[in-house]
Structure formats: C-alpha cells, structure tokens
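J.: pasting the structure only:
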C-alpha cells in the first residue's frame, strides 16, 4: 500500500521510535544508485535534526516534506524489497595460472552479474598464508598444500586442480634461436656450477650453434613460489647434488653469487630475462608465449630433447596418478598428484597441475558461488582456452573428480 509524503512524515514524528526508523531508511538510501552523494548529505541532515534535543515535530515535518525527491526515494525504498547483495569472492596466490585465471574470472563475472571474483597474484606461499589467516575466500597454489599447512585451517580445505602447465627455461641470447639443454646441464646452471654459455657441456649439445663467451645470468624467484617448488622438485629428482645442496622448496637458498638475480612472480622473472642479455630463468610457459621469449628444449627422461607446448605438456600430465583416499583428517578426496620426471618420449620434463584452495566450511552464499565458479572453470568453454594461453587442459576423468570434490564446499 503506497503512502503519501505527509503520511511518512506523520509516521516518523508520531512514533516514539522514529529515530530508529529514520536510521533504517537512511541506510537504505545509501544503497540507492541515484544521486547517492546528495542522499548521503540529506540523510546526514536528518541525523542532525533527530540528534538535537527539544526539536519540534513541525520542524521535522517541514524538513522531510521540503525535499520531495529524497522523500520519494525513501517511500520507494520503504515499499521495495532490499536489493540482492552481490557476492564478492576475493582470492590470492599463484602467479603461474594468473593469465588464464584472469580470463576465466572476468568471463565468469560477466555471465554471473551477482558474483564478482577478484584475484591477486602474489605467489603460492603468500596465497596459502592468506588462506590460513582467513583473509581471503579462496587461494591458489602450484605447490598444493603441505599436511602441516592444511592442519592450520580450522574450516577444513578442499584442493582442486584447475589447469596444468609447463615450467620452461626462457633465455636471452640474440644469436641463438634454438638451444638444447641436457638433463645433466640445466641443474648445474641453477646450482651455479656452469657459469659460461660456451661451457663444453652446452656446446656439445648444440654443435651447430655459436655460443657466446659470456657469463650466464640466472634469474630466480624472490618470493615464496609454487613455480619454484615445482622446478626445484624436478631438479632434485634428476640431480642428487642439487637435491643435497639446494633441495626442493618454495623459497630455496640459491647460490650466493652476483650472477644470480631475484625477481617476484612469473611476470617479474620474465621481465628480467627480457631486459638482461645472457640471462636464463624459469617461468610458466604461458608467460614465455605471451612475450615471445625463446625457451630451451630440455632433455627428458627418455633422452629426447623436447620443446614445451600443448602436446608435450599433455603427455607429461597424462602420467599423473591421484592417490587413493582423502586429505589428512578429512573426508575430502585427495586430488594432489605430481609428475616430477614424467616418462614418455614426447613428454616435456617439467609440468604440473595448479590448485584452487577452498575452505570446506564456507558462508552459504559464497560456498554456492564457489561451486558455480568451479563448474565454469572446468567447463568445455573455459578449458578450451588453455591451449591458446600456454596451459594444458585437464583430462575429462580429472574434471569429473574435481566437480565431485567441489561438492564438499558447503
């Protein structure tokens, strides 16, 4: 039933609790998109009048009726149901999947106007810590999570692989269009033991290439990184000396050398490689593809030199096997699987899946929005973007497992 302006004024002035009613109206006015600043100013004036002791009812009546536009908005808001609140999902973590996540989240938000997804690429380690601290709605990691990290999340966790990719060695050598690096060579470069581009071991693998007599500048990550975790995991698997001296970690102790330069995130390492002649560094393949940065062919477990790409990446991920059972102290399926040194002649040697990290126990609206997001990201449309952006789409059986596990987010 519609009320006149005078009815509204009378209701406000006659009711002993009119101050509470006006406050409620004022809060609803704030969300009105029309003349929002003017409304805030006017509602502020109402608060002044109400707060003034001994103010006459006629004065309040006069002030309300004076602004027809404001009073009309109050009347409309009073009768209309509250606008549907937008669900905002804030996430942080891995830079490895950032290009494809940015595309997915933007497209998803366009198709679902009531859900907004914001994601900050700050490194897997930082994302995991944000999840533990409860300052995000979800996180992302190329390193999944350790058992000790999961134990710190009181709400429980659900880890879902979303896509996969390759860690490539991008380099900056003007005169070298194709570079082959044997599996006993690139671990030594990152251990600081091979320091010249024309080192005999590199020259032997590249007989038709004129290699410069220059120092090798090695670019590594400065932050706690899932990409680093995957890369050092592979190097530790194929080179015992590297494992003993540096080892696998998200933030290992790299050699203390002036030839080693650190940069944050995948885009930071990519930028340093592009700017520094004679440099080499590890980045996700999509970054190299986007910036047209040359990448080395690496010798795989079968002894074949393989370039990164959709086919070689898919061949590597195909060998991943998920463990039986659930995550520690949980009924959530364990979808953590690694391929530290994949077999197969066509497999690129350094590849990994990357995970979304979700709270098992969520706010109901956010839980529903996150399940909807996972469904979108594992759709044929979304996964179909992977090849073009330098990622590896998930196989159908993996997608089925991911969607089933997403139902544990409640």
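T.: Perfect, I can see it now. As the structure is a prediction and not an experimental result, all values here were calculated from the model. Residues are numbered from 1 along each chain as shown.
J.: Let me know the pLDDT of residue 36.
T.: With respect to pLDDT, residue 36 scores 35.
J.: ok, now how distant is residue 124 from residue 311?
T.: 26 Å (CB to CB, to the nearest Å). For every residue, glycine as well, the C-beta is placed using N, CA and C.
J.: before we move on, what about residue 299?
T.: Going from residue 299 to residue 311 by CB to CB gives 17 Å.
J.: With neighbour numbers in mind, choose between the two.
T.: Using other CB atoms under 10 Å, the more surrounded residue of residue 299 and residue 311 is residue 299, with 20 against 15.
J.: pretty sure that one contacts residue 180?
T.: Yes. With contact defined as CB atoms under 8 Å, residue 299 counts as touching residue 180 (7.3 Å).
J.: Name the residues contacting each of those two.
T.: 205, 305 (CB atoms under 8 Å, 6 or more residues apart in numbering).
J.: Give me the contact list for stretch 259-272.
T.: Contacts with stretch 259-272, where a contact means CB under 8 Å, 6+ apart, come from 95-96, 98, 121-123, 170, 192, 195, 215-223, 225, 227, 254, 276, 279, 281-284, 287-288, 291, 293.
J.: One more pass at 7 Å, please.
T.: With contacts defined as CB atoms under 7 Å, 6 or more residues apart in numbering, stretch 259-272 is touched by 95-96, 121, 123, 170, 195, 215-223, 227, 254, 279, 281, 283-284, 287, 291, 293.
J.: mind listing which of these are in helices?
T.: By the criterion of DSSP state H, membership of those in helices covers 227, 287, 291.
J.: Could you list the domains of this structure?
T.: Structural domains assigned to the chain are 5-79, 87-162+355-406, 167-315, following automatic domain parsing.
J.: Now the terminal residues of the last one, how far apart.
T.: The one in question is domain 167-315. End-to-end distance of domain 167-315 (CA to CA, to the nearest Å): 14 Å.
J.: chain center to it: distance?
T.: 24 Å (CA atoms, centre = their mean, to the nearest Å).
J.: circling back: top of the ones in helices among the contacts of stretch 259-272 by neighbour count?
T.: Highest neighbour count within those: residue 227, with 29 neighbours (other CB under 10 Å).
J.: count of neighbours near the residue nearest to residue 141 when sequence neighbours are not counted?
T.: Take residue 141 and drop its neighbours on the chain: the residue closest to it by CB to CB, 6 or more residues apart in numbering is residue 124, 3.9 Å away. Neighbour count of residue 124, defined by other CB under 10 Å: 32.
J.: residue contacts, the residue nearest to residue 276 when sequence neighbours are not counted?
T.: The shortest distance from residue 276 to any residue other than its chain neighbours is 5.3 Å, reached at residue 217 (CB to CB, 6+ apart). Residue 217 sits next to 259, 261, 276, 278, 279 when contact means CB under 7 Å, 6+ apart.
J.: Beta-bridge partners for residue 217, please?
T.: Per DSSP bridges, the residues bridged to residue 217 are residue 279.
J.: distance of it from residue 256?
T.: Noted for residue 217: a distance of 15 Å to residue 256, by CB to CB.
J.: how much space between the residue nearest to residue 205 when sequence neighbours are not counted and residue 114?
T.: Distance criterion CB to CB, 6+ apart; nearest residue to residue 205, sequence neighbours excluded, is residue 180 at 4.6 Å. Look at residue 180 and residue 114: by CB to CB, they are 52 Å apart.
J.: for residue 133, same thing?
T.: Using CB to CB, one gets 27 Å for the distance from residue 133 to residue 114.
J.: same question, residue 172
T.: To residue 114, residue 172 is 46 Å away according to CB to CB.
J.: Comparing the two, which shows the higher neighbour count?
T.: A count of neighbours by other CB under 10 Å puts residue 172 above the other of residue 172 and residue 114, at 19 against 11.
J.: Pretty sure the more buried one sits against residue 273.
T.: Yes. Using CB atoms under 7 Å, residue 172 is in contact with residue 273, at 5.4 Å.
J.: list the residues that contact both of these two?
T.: The contact sets of residue 172 and residue 273 overlap at residue 279 (CB under 7 Å, 6+ apart).
J.: related to what we said a few turns ago, most neighbours, which of the contacts of residue 217?
T.: Counting neighbours by other CB under 10 Å, residue 279 leads the contacts of residue 217 with 21 neighbours.
J.: What about residue 173, how many residues nearby?
T.: For residue 173, the neighbour count with other CB under 10 Å is 20.
J.: Phi and psi next, for it.
T.: The phi and psi values for residue 173, taken as degrees, to the nearest 10, are phi -130, psi 110.
J.: tell me the strands in the stretch 201-350 of the chain, going along the chain?
T.: Taking DSSP state E, counting those that start in this stretch as the criterion, the stretch 201-350 of the chain contains strands spanning 217-221, 260-263, 279-284, 297-299, 305-306.
J.: want to throw those into CSV with mean pLDDT and distance to residue 316?
T.: Shown next, in CSV, are the strands of the stretch 201-350 of the chain (pLDDT from 0 to 100; distance: least, CB to CB, whole Å):
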stretch, mean pLDDT, distance to residue 316
strand 217-221, 98, 21
strand 260-263, 98, 26
strand 279-284, 98, 14
strand 297-299, 98, 11
strand 305-306, 98, 9
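J.: Of all those strands, which one is nearest residue 91?
T.: Residue 91 lies closest to strand 279-284 among these, at 17.8 Å (CB to CB).
J.: Just list what that closest one packs against, helices and strands only.
T.: For strand 279-284, the packing partners by 3 or more CB pairs under 7 Å, 6 or more residues apart in numbering; DSSP states H and E come out as strand 157-171, strand 217-221, helix 226-238, helix 265-275.
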